[in-house]
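S.K.: test case, fold it:
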Amino acid sequence: MLRPRLIFLAAFLACAPFAGAAPAAPLSPQTLDGPGQEAEAAHTEAEYRAAYFYSVACLAGQKGDVADQAALLQRAQEGDPDSALLTRERGEAQVQLGNKAAAAELLKKALQARPGDAGLRAELGRLYQDMGRAADARALFLKPDGSDPSDAESLRSLIGLDFVQKDYSSALRRLQVLLASGGSADDRELMALTLQHLGRFKEASAGYRAVLALDAKRTATWGRLADCDQAAGDTPTASADLKAGLAANPDSPLLADELGRLLYSAQDYAGAEKAFDRLVDMDPGDAHSLLYRGLARLKTGYYRKAEADFKAVGRLEKDDPDQAYALALSLLLQKKYSQAQPQFERVLKLDPQAEDAWADLAFLQEKSKQQEQAEATLKKGLKAMPDSQELALLLSGVQQDLKDLPAAEQTLRDALARGGGDEIRFQLAVILDKRGDFADVEKELGTLIAESPRHAEALNYLGYSWAERGEKLVQAEALIRRALAVDPGNRYYLDSLGWTLYKQGKVKDALEPLAVAAKEVVDSSDPDEAVVFDHLAAVQKKLGQARAARLSLKKAAKIRARAGL
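M.R.: This is a model prediction of the structure:
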């Protein structure tokens, strides 16, 4: 081990301008008298060389030359092989070089020389854990017989390992032992965190509250408490937690941000706006808070203010696709279409994978009666994102508007070939129906229903189609009732049921579902919904309710008039 006088020498050499040069020759044994003096000289020379190489190693470490540092430390230890300090520093250098196995052996040797060094023990434990040697890491802190230690620091080290290995049950057991003899506030918070990981949210919340009652300045603890209550499904209490935390720590950006995010996710957009207001007041250059405040303002209808926020973000963060999209959306919602369109185009230059931007740009083009441009845009979008079912559905819709049913069909078949799902197949069936190919409609809907038995739209569509054709009426009724079981009260499905019953001659049974459906569409301006009153009129007429039938037909006519037909 380096003697104190040689440590001073090492410090001197580390500062010397010629530290990289060979050391000055020590006193030669020939200048001394007697064998005892010769032994002392040899011993002094070894220590001198150890101190010299240690000092040069320190310089190499300061320069970041870890490989040289490790080599020099090894030379130093040749002169002082029993030095725990040199052994440890050699181990730490090997860690930096990525030689974990060699580092572990050196640190283990240093720990054997200094068994009471808790920091060294923890350092070796972390290395073992990083190497995947969990058992060796635990053994450093367990008693020789494998049982838990009684001292608090060793227990805490084991609990730390439990957390790294996500063994929360063992952490809980050890924390209970630790807290039985007192424990610190940090130990109590760790107990609450352990309970939270185990899904025992009420107990965890109580633990956090006990810690905060003693020290309300623990901002991270307020956040954990809110997370715990949120995980338990109690959003109002989580919100109250964060507000209480802010009252105790009014300058905490962490709590203000968490409150804003929580309120936004809970759709309390006005509350979220206030929370992010607070953050912007703290730091007007906080781009994150400006962005979220703008999003909250979009949700509350303050589009112009949202636009101002997004422009401020753009000045702070150039070429951010999120900011660019948010700004484009604010312009779209203000109906500033001429400004929104180039902004969406800018978004897509920044991020060709922005699916919503492709859809919104196509929407704007359709709004401007530029269907061909919308089709071209969606084709570009699908080229950039070939697996996008949303873009395939939109492209098919535009192609239908352009009266190009073959192209619309091909778009959907291509999407199916790429793994498209239920909605792709359903829309394909709709196009086939428009083409008058009912055999293929039955085939596609049959496949869809077999794969997704609760697809209510497919169940209703096939059932109603059979009813309209006067075919398979009993099966049609069964399918429509299955659709209603999935979506009770749906006016379209009620209309289908009533019409199917009418077609079967069950006129009295048909009246009720049709009457309920009619109440839902009385103020509609959708011409497709006028058919409900047509069906109701047919039933009323069959039942001898001529006046009621005429009234129903008038209501159907009003809906079509509102639609401009």
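S.K.: what about stretch 313-330, average pLDDT?
M.R.: Mean pLDDT, computed over stretch 313-330, is 94.
S.K.: for that stretch, C-alpha coordinates in CSV please.
M.R.: Taking Å, rounded to 0.1, in the frame of the first residue of the first chain, the C-alpha atoms of stretch 313-330 are listed here in CSV:
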residue,chain,number,x,y,z
VAL,A,313,-43.4,27.0,-31.1
GLY,A,314,-42.2,27.3,-34.7
ARG,A,315,-40.0,30.2,-33.8
LEU,A,316,-38.4,28.2,-31.1
GLU,A,317,-38.1,24.8,-32.9
LYS,A,318,-37.5,25.0,-36.6
ASP,A,319,-38.9,22.2,-38.9
ASP,A,320,-40.7,20.3,-36.1
PRO,A,321,-43.4,18.2,-37.9
ASP,A,322,-45.6,18.2,-34.8
GLN,A,323,-45.6,22.0,-34.6
ALA,A,324,-46.2,22.2,-38.4
TYR,A,325,-49.2,19.8,-38.3
ALA,A,326,-50.7,21.6,-35.3
LEU,A,327,-50.4,25.0,-37.0
ALA,A,328,-52.0,23.5,-40.2
LEU,A,329,-54.8,22.1,-38.2
SER,A,330,-55.5,25.4,-36.5
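S.K.: just the helices in the stretch 151-300 of the chain please.
M.R.: 152-164, 168-180, 185-197, 201-214, 219-231, 235-248, 253-265, 269-282, 287-300 (DSSP state H, counting those that start in this stretch).
S.K.: now distance to residue 514, mean pLDDT and mean neighbour count too, for those, in JSON lines please.
M.R.: All C-beta spots, glycine's among them, are computed from the backbone N, C-alpha and C. Shown next, in JSON lines, are the helices of the stretch 151-300 of the chain (distance: least, CB to CB, whole Å; pLDDT from 0 to 100; neighbours: other CB atoms under 10 Å):
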{"stretch": "helix 152-164", "distance to residue 514": "63", "mean pLDDT": "88", "mean neighbour count": "19"}
{"stretch": "helix 168-180", "distance to residue 514": "58", "mean pLDDT": "93", "mean neighbour count": "17"}
{"stretch": "helix 185-197", "distance to residue 514": "54", "mean pLDDT": "95", "mean neighbour count": "20"}
{"stretch": "helix 201-214", "distance to residue 514": "49", "mean pLDDT": "96", "mean neighbour count": "18"}
{"stretch": "helix 219-231", "distance to residue 514": "45", "mean pLDDT": "96", "mean neighbour count": "21"}
{"stretch": "helix 235-248", "distance to residue 514": "41", "mean pLDDT": "96", "mean neighbour count": "19"}
{"stretch": "helix 253-265", "distance to residue 514": "41", "mean pLDDT": "95", "mean neighbour count": "21"}
{"stretch": "helix 269-282", "distance to residue 514": "40", "mean pLDDT": "95", "mean neighbour count": "19"}
{"stretch": "helix 287-300", "distance to residue 514": "38", "mean pLDDT": "96", "mean neighbour count": "22"}
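S.K.: redo those as TSV? Include distance to residue 451.
M.R.: Output for the helices of the stretch 151-300 of the chain, formatted as TSV (distance: least, CB to CB, whole Å):
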stretch	distance to residue 451
helix 152-164	44
helix 168-180	40
helix 185-197	39
helix 201-214	38
helix 219-231	35
helix 235-248	36
helix 253-265	33
helix 269-282	38
helix 287-300	36
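S.K.: between those helices, which one is closest to residue 505.
M.R.: helix 287-300 (51.5 Å; CB to CB).
S.K.: other SSEs contacting that closest one?
M.R.: Applying 3 or more CB pairs under 8 Å, 6 or more residues apart in numbering; DSSP states H and E, one finds that helix 287-300 contacts helix 253-265, helix 269-282, helix 303-316, helix 321-333.
S.K.: quick one: closest of the helices of the stretch 151-300 of the chain to residue 513.
M.R.: Short answer: helix 287-300, nearest of these by CB to CB, at 37.0 Å.
S.K.: quick one, the closest one and helix 253-265 angle?
M.R.: Taking axes from the mean of the first three to the mean of the last three CA atoms, to 10 degrees, one finds helix 287-300 and helix 253-265 inclined to each other by 30 degrees.
S.K.: restrict helix 287-300 to CA atoms and write it as PDB.
M.R.: Output of helix 287-300 as PDB, limited to C-alpha atoms (Å, rounded to 0.1, in the frame of the first residue of the first chain):
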ATOM      1  CA  ALA A 287     -41.900  24.900 -26.500                       C
ATOM      2  CA  HIS A 288     -43.500  21.800 -25.100                       C
ATOM      3  CA  SER A 289     -45.900  23.800 -22.900                       C
ATOM      4  CA  LEU A 290     -46.800  26.200 -25.700                       C
ATOM      5  CA  LEU A 291     -47.600  23.200 -28.000                       C
ATOM      6  CA  TYR A 292     -49.800  21.600 -25.400                       C
ATOM      7  CA  ARG A 293     -51.500  24.800 -24.500                       C
ATOM      8  CA  GLY A 294     -52.300  25.300 -28.200                       C
ATOM      9  CA  LEU A 295     -53.700  21.800 -28.500                       C
ATOM     10  CA  ALA A 296     -55.900  22.400 -25.500                       C
ATOM     11  CA  ARG A 297     -57.100  25.700 -27.100                       C
ATOM     12  CA  LEU A 298     -57.900  23.800 -30.300                       C
ATOM     13  CA  LYS A 299     -60.200  21.500 -28.300                       C
ATOM     14  CA  THR A 300     -61.900  24.500 -26.600                       C
END
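S.K.: touching it from outside, list them.
M.R.: 257, 260-261, 264, 267, 269-270, 272-273, 276-277, 279-280, 283, 303, 305-310, 312-313, 316-317, 320, 322-323, 326, 329-330, 333 (CB atoms under 8 Å, 6 or more residues apart in numbering).
S.K.: tilt between it and helix 269-282?
M.R.: 150 degrees.
S.K.: so how far is helix 287-300 from its chain's centroid?
M.R.: Averaging C-alpha positions (CA atoms, centre = their mean, to the nearest Å) puts helix 287-300 19 Å from its chain's average.
S.K.: start at 10 instead
M.R.: Yep, numbering from 10; the last one is helix 296-309 now.
S.K.: what angle sits between it and helix 330-342?
M.R.: Going by the same axes, to 10 degrees, helix 296-309 makes 20 degrees with helix 330-342.
S.K.: show me the strands in the stretch 460-574 of the chain, by range?
M.R.: Counting by DSSP state E, counting those that start in this stretch, one finds no strands in the stretch 460-574 of the chain.
S.K.: quick one, what contacts the residue nearest to residue 473 when sequence neighbours are not counted?
M.R.: Distances taken as CB to CB, 6 or more residues apart in numbering place residue 505 nearest to residue 473, at 4.2 Å, with adjacent residues excluded. Taking CB under 8 Å, 6+ apart, we find residue 505 in contact with 469, 472-473, 476, 489, 492.
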